[in-house]
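Chemist: Pasted the sequence and its predicted model underneath.
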Amino acid sequence: MIGDPSGKSEERQLLSEETLRANVEGMGRQMRRLLDFDDAERPALLVNNYDWVGPFGFLEFLRDVGKHFPVNVMLTKDSVRSRLERTDSGLSYTEFSYMLLQAYDFAHLRRHHDCELQVGGSDQWGNITAGIDLARRLDGVQLYGMTCPLLTKSDGTKMGKTESGALWLAPERTSPYQFYQYWINLDDADVGKCLRFFTDLGREEIESIVAEHQLDPGRREAQRRLASELTRLVHGDEGLHVARRATEIFFGAEIGELSDAQLVQIFADVPSKGMPVDAIGGEGLSVLDALCAAGLAKSKGDARRTIEQGGGYVNNRRIENVEQRLTSADLASETVMVLRSGKKRYALLRFGGEHD
RNA sequence: GGGGGGUUUCCCGAGCGGUCAAAGGGGUCAGACUGUAAAUCUGAUGGCAGUGCCUUCGCAGGUUCGAAUCCUGCACCCCCCA
């Protein structure tokens, strides 16, 4: 409900209690893939600090926790200072206090769960050390922190930003295919770093992958390996399988000799849309409408522009004419048509069956 | 409470009352080159229709033949003083 001021250039938006509950549950679902919550000895634990901070009275908090925080120290923390130095945005007391909450959380977790190490991105350094200080003052114990550098791409921009938004772990937001494609497309310069950061591969193996990649970067073996490892980690073998199959269909052999059986399997994983079958009967469907419906264009004007510049494709054949209409002759398989914008943005249109 | 500054199209940021759908940059999209890479170059970038129409410049009114540009009120943000 209260956010960390670090990194943000503006006061962050506060979320409602329900939204947060939902977010916490969502995180739990994703963490379950990566951590073992059922281990008999030391199961992973997901806790919500609302459970202990929520009931904490304001006065008690000020008395028991707040008094241990010298304001002059707080002011020197990067997260605070950077915000105060900006002239176009301020820092509310709420955000300023965030550090106290996170620090207290650490102390609380130590008391109740013997938690002694807090890890996080390097932007959390200030908050983590605040927690270490607090626990020492409060309980006389020594806690530890560990941070890792924030991951940025070689061009300085943040990782995980794709053309069409952010990269999500949740399959509903970023399908395994899209997730896989993100890593396949990664800059050469960033592959090694990502292999080290995100995979469990050993150092020698990574080094040999990178070395081989440098010999023949065009094969993008490093990217393939990275994409495979990560897709399996996040979406499991099944997700990886679908992602690969979709990739093979689109970037592999000719499109045209496909069957519904092949396409329908990947249908849900690729941006797609179902349409009534009579859309391609008679006159046929305008290519402009088709691109819009498939989500490859924001508007008809956008679709027109794409096609006029040579970026529109049906079944991997360039659309030459904006006036062109699509009929059943343009289907790639029994019911599915493969549309593409640019070199690598694919979408499917399925005719008949359910539509939306 | 007092004083000052601000709110422009995805973002930043220009913008003489008409020639402003609005400079410039970023981003994004597309093309060329390649390797589904980077860099570079080119084009595009409100909507619908193709030399026209419609909706945009915090919100609501007003002045004007005509406003993003002037006036009034409101909202929000920032800074300084108390």
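Modeler: Ah, there it is.

Chemist: Near RNA strand B, which residues of the stretch 201-350 of chain A? Just list them.
Modeler: When proximity is defined as Cβ under 7 Å from any atom of the strand, the stretch 201-350 of chain A approaches RNA strand B at A:217-218, A:220, A:223, A:247, A:250-251, A:298-302, A:304-306, A:309-311, A:322, A:341-345. All C-beta spots, glycine's among them, are computed from the backbone N, C-alpha and C.

Chemist: Tell me which entries of those lie within helices.
Modeler: Of these, the ones assigned to helices by DSSP state H are A:Q223, A:T247, A:F250, A:F251, A:K300, A:G301, A:D302, A:R304, A:R305, A:T306.

Chemist: Isn't the second one up against A:I184?
Modeler: Right, the one you point to is A:T247. Yes: distance between A:T247 and A:I184: 7.2 Å, which falls inside the contact criterion (Cβ atoms under 8 Å).

Chemist: can you give me the helices in the stretch 151-300 of chain A?
Modeler: Remark: helices assigned in the stretch 151-300 of chain A by DSSP state H, counting those that start in this stretch are A:176-184, A:188-198, A:203-215, A:221-251, A:260-267, A:287-293, A:300-308.

Chemist: so the fifth one versus helix A:176-184, what angle?
Modeler: Our comparison of helix A:260-267 with helix A:176-184, counting by axes from the mean of the first three to the mean of the last three Cα atoms, to 10 degrees, yields an angle of 70 degrees.

Chemist: possible to save the ones in helices among the residues of the stretch 201-350 of chain A next to RNA strand B as CSV with distance to A:F69, neighbour count and pLDDT?
Modeler: Converted to CSV, these look like this (distance: Cβ to Cβ, whole Å; neighbours: other Cβ atoms under 10 Å; pLDDT from 0 to 100):
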residue, distance to A:F69, neighbour count, pLDDT
A:Q223, 46, 21, 95
A:T247, 52, 18, 92
A:F250, 55, 19, 90
A:F251, 55, 13, 89
A:K300, 58, 14, 92
A:G301, 56, 11, 91
A:D302, 52, 15, 92
A:R304, 59, 16, 92
A:R305, 56, 15, 92
A:T306, 55, 23, 93
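
Chemist: quick check, nearest of the residues you listed to A:V336?
Modeler: A:F250 (12.5 Å; Cβ to Cβ).

Chemist: Quick one: residues contacting that closest one.
Modeler: A:V338, A:R340, A:K344, A:Y346 (Cβ atoms under 8 Å, 6 or more residues apart in numbering).

Chemist: how much space between it and A:A347?
Modeler: 10 Å (Cβ to Cβ, to the nearest Å).

Chemist: which neighbours do those two share?
Modeler: Counting by Cβ under 8 Å, 6+ apart, the residues touching both A:F250 and A:A347 are A:R340.

Chemist: would CSV of the ones in helices among the residues of the stretch 201-350 of chain A next to RNA strand B with distance to A:H112 be doable?
Modeler: Below are those laid out as CSV (distance: Cβ to Cβ, whole Å):
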residue, distance to A:H112
A:Q223, 43
A:T247, 46
A:F250, 51
A:F251, 51
A:K300, 59
A:G301, 59
A:D302, 54
A:R304, 61
A:R305, 59
A:T306, 57
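
Chemist: out of the residues you listed, who's nearest A:E283?
Modeler: A:K300 (16.7 Å).

Chemist: Can you report how many residues lie near the closest residue to that closest one other than its chain neighbours?
Modeler: Nearest residue to A:K300, sequence neighbours excluded (Cβ to Cβ, 6 or more residues apart in numbering): A:L288, at 4.8 Å. Per other Cβ atoms under 10 Å, the neighbour tally for A:L288 reads 23.

Chemist: May I have the predicted confidence score for the residue nearest to A:R318 when sequence neighbours are not counted?
Modeler: The shortest distance from A:R318 to any non-neighbouring residue, by Cβ to Cβ, 6+ apart, is to A:G310 (6.3 Å). Note for A:G310: predicted pLDDT of 91.

Chemist: can I assume A:G310 is in contact with A:N321?
Modeler: No: assessed by Cβ under 8 Å, A:G310 is found out of contact with A:N321, at 11.6 Å.

Chemist: quick one: low-confidence parts of the stretch 101-250 of chain A?
Modeler: Applying pLDDT under 70 to the stretch 101-250 of chain A picks out residues A:156-158, A:160-165.

Chemist: If we use 80, what do you get?
Modeler: A:150-166 (pLDDT under 80).

Chemist: Which positions within stretch A:167-186 qualify as buried?
Modeler: A:168-169, A:171, A:174-184, A:186 (16 or more other Cβ atoms under 10 Å).

Chemist: ok so, going back, any idea how far the residue nearest to A:K300 lies from A:R350?
Modeler: According to Cβ to Cβ, A:L288 and A:R350 sit 19 Å apart.
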